[in-house]
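Peer 1: sequence plus predicted model, see below.
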Amino acid sequence: MNCPPCTDSTLVMTERSGVEIDYCPTCRGVWLDRGELVKIIERSASDTMQPRRSDERNDRDRRPDRYDSRSSARDDDWDDDDRSSDGRRKKRKRESLGPLFEASIDGILAVDVDGTVLAHNQRFLELWGLDAALIDGGDHAFLEAAMEKVPDGPAFVAGVLAAYDRRPAHVQDELILLNGIVLDRHGSRLDDADGTFLGFAWSFRDVSAARAHQAEIEAAGERFAALAKTLQQSLLPPRLPSLTGIQLAARYHPAFTGIDVGGDFYDVFAVGADWVLVVGDVCGKGAEAAAITALVRHTVRAAAMHDPDPATTLAELNVAMLASLEPNDDVIRFATVCCITLRPSPQGVVADIACGGHPPPVILRADGGREVGAPNGTLIGVLDVVDVTTRTTLLRPGDSIVVVTDGVLEARDDAGRFFGEAGLSSAIDVVGGGDALALSEEIERQALAFQGGLAKDDIAILVARIEDLP
């Protein structure tokens, strides 16, 4: 076979790195037979057929589509565009990525640096509602069509072009098409082994069903939270009564985000001329806790009507809680309760105080002194007989009594330290006994701040301050 430029020179066939080539001794040209002779190296007559430098061999090895006879682009498949180095490179990319793309559950589109579509799969066409013929027009044709399928076409195109310009390693976002389909979109740059940028690949996954399910869950959570809030409010007084000569204030803060019914509660009700204050904490959360809380509140009210002595009231509550258990019921039900009866007297207000496993109230004297209201006593609902004692004290004008649940005292900071009695005392120091509402709010504020603003347990606070006698 003669060399085309040198019609009288016969080509000499040789082999380099497993590839047969034809060499012209006259013009020193190297030819590759691809159905017809294709000149790949042009040499001057003064050049010699020396072995390629190592960097030239490496460059050749990085481009197997040009040199490797095992390339998937077969000789008889090449058209005029494929005969160019750029055409052969793109055809090689398309053929190597095609089978992988079709096996994916995602819609995939890969584009070259110049916007030429290297490969796409059928899933991509289905998700976007496109014809394959349109994709043959390149990435720009896709972007033009996509503008009609998204709410903000210009913004969508601008985002794609910005990714091509910045060439980030990975981008991710969600697209909502006008037909309601939600696509989880991921984009990644394509690099070869030496880091040369080859193009960009996009994958699109239909997450419409997942997002709809997520929306249903969120809506159900909102409904449940609203139901929990309503149920919780039914276990607390809608408003505190107005007592002659006694200033009342209460605070309630649910644990975490308040999506469940808590066990902390407070109550204030009249028994004749007396007033009964109750603060309690039942075990558990949810419907079970709500049921126990309702039992405790109603039992305390009924028992106090028969005998206003707090210790007697708590003893009757203990009997009622034990009686509520079903035979062979292994559910643990207990409560801590502080019960206080306030009786007006010529000198002030007489307070009868009893605690069943509950943190004792703090009595703040007008002169700054502080006292423990009553012993802790025994948990309610555990033992057949409880050890509960009523302590009686006189509250004079300016005195206050503060009752909190363990959500205040057992609040912990990041180091695991308890808010405790020291934290409660610090909050009291800020306000003193001057105003019941200000004191209850300060205790709540400091207890929440101590644990980073998010309560790990329900918080209930009740403050009664004795005002000047009429």
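Peer 2: Structure received.
Peer 1: chain neighbours aside, what residue packs nearest to residue 277?
Peer 2: Leaving aside its chain neighbours, residue 277 sits nearest to residue 340 (4.3 Å; criterion: C-beta to C-beta, 6 or more residues apart in numbering). Where C-beta positions appear, they are placed from N, C-alpha and C, glycine not excepted.
Peer 1: any idea how far stretch 249-257 is from the chain center?
Peer 2: If you compare the mean C-alpha spot of stretch 249-257 with that of the full chain, they lie 23 Å apart, counting by C-alpha atoms, centre = their mean, to the nearest Å.
Peer 1: before we move on, the earlier item: which stretch of helix or strand covers the residue nearest to residue 277?
Peer 2: Mapping residue 340 onto the secondary structure by DSSP states H and E places it in strand 335-345.
Peer 1: other SSEs contacting that strand?
Peer 2: Other elements packing on strand 335-345 under the criterion 3 or more C-beta pairs under 8 Å, 6 or more residues apart in numbering; DSSP states H and E are strand 274-282, helix 286-306, helix 310-323, strand 348-356, strand 400-404.
Peer 1: shaky segments in the stretch 51-200 of the chain?
Peer 2: Within the stretch 51-200 of the chain, the stretches with pLDDT under 70 are 51-101.
Peer 1: does the closest residue to residue 372 other than its chain neighbours count as helix, strand or coil?
Peer 2: Spatially, and ignoring its direct neighbours in sequence, residue 372 is nearest to residue 360 (4.9 Å; C-beta to C-beta, 6+ apart). Per DSSP: H, G, I helix; E, B strand; the rest coil, the local secondary structure of residue 360 is coil.
Peer 1: sorry, back to before: could you give the mean pLDDT of the strand holding residue 340?
Peer 2: Looking at strand 335-345 alone, the average pLDDT works out to 95.
Peer 1: mind listing what's buried in that strand?
Peer 2: For strand 335-345, burial by neighbour count (16 or more other C-beta atoms under 10 Å) applies to 335-342, 344.
Peer 1: now do the strands in the stretch 101-250 of the chain.
Peer 2: If you assign secondary structure with DSSP state E, counting those that start in this stretch, the strands in the stretch 101-250 of the chain sit at 107-112, 117-120, 170-176, 182-191, 197-206, 246-253.
Peer 1: just so I know, which of the ones you listed lies nearest residue 380?
Peer 2: Taking C-beta to C-beta as the criterion, strand 246-253 is the member of the strands of the stretch 101-250 of the chain that comes nearest to residue 380, at 20.2 Å.
Peer 1: what distance separates the closest one from the centre of its chain?
Peer 2: Distance, stretch centre to chain centre, for strand 246-253: 34 Å (C-alpha atoms, centre = their mean).
Peer 1: by contact count, what packs against the helix or strand that it is followed by?
Peer 2: Reading on from strand 246-253 to the C-terminus, the next helix or strand found by DSSP H and E is strand 264-271. Helices and strands touching strand 264-271, by 3+ C-beta pairs under 8 Å, 6+ apart, are strand 246-253, strand 274-282, helix 286-306, strand 459-466.
Peer 1: how many neighbours does residue 317 have?
Peer 2: Using other C-beta atoms under 10 Å, residue 317 has 28 other residues around it.
Peer 1: now do the contacts for the residue lying closest to residue 167 once chain neighbours are set aside.
Peer 2: Sequence neighbours aside, residue 189 is the residue nearest to residue 167 in space, at 5.2 Å (criterion: C-beta to C-beta, 6+ apart). The contact partners of residue 189, by C-beta atoms under 8 Å, 6 or more residues apart in numbering, come to 167-170, 197, 199-201.
Peer 1: which of these are buried, as a ChimeraX select command?
Peer 2: For anyone working in ChimeraX, the buried entries among the contacts of residue 189, judged by 16+ other C-beta under 10 Å, can be selected with:
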select :199,200,201
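Peer 1: want to throw the contacts of residue 189 into JSON lines with distance to residue 281?
Peer 2: Rendered in JSON lines, the data for the contacts of residue 189 read as follows (distance: C-beta to C-beta, whole Å):
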{"residue": "167", "distance to residue 281": "59"}
{"residue": "168", "distance to residue 281": "53"}
{"residue": "169", "distance to residue 281": "53"}
{"residue": "170", "distance to residue 281": "50"}
{"residue": "197", "distance to residue 281": "64"}
{"residue": "199", "distance to residue 281": "64"}
{"residue": "200", "distance to residue 281": "59"}
{"residue": "201", "distance to residue 281": "58"}
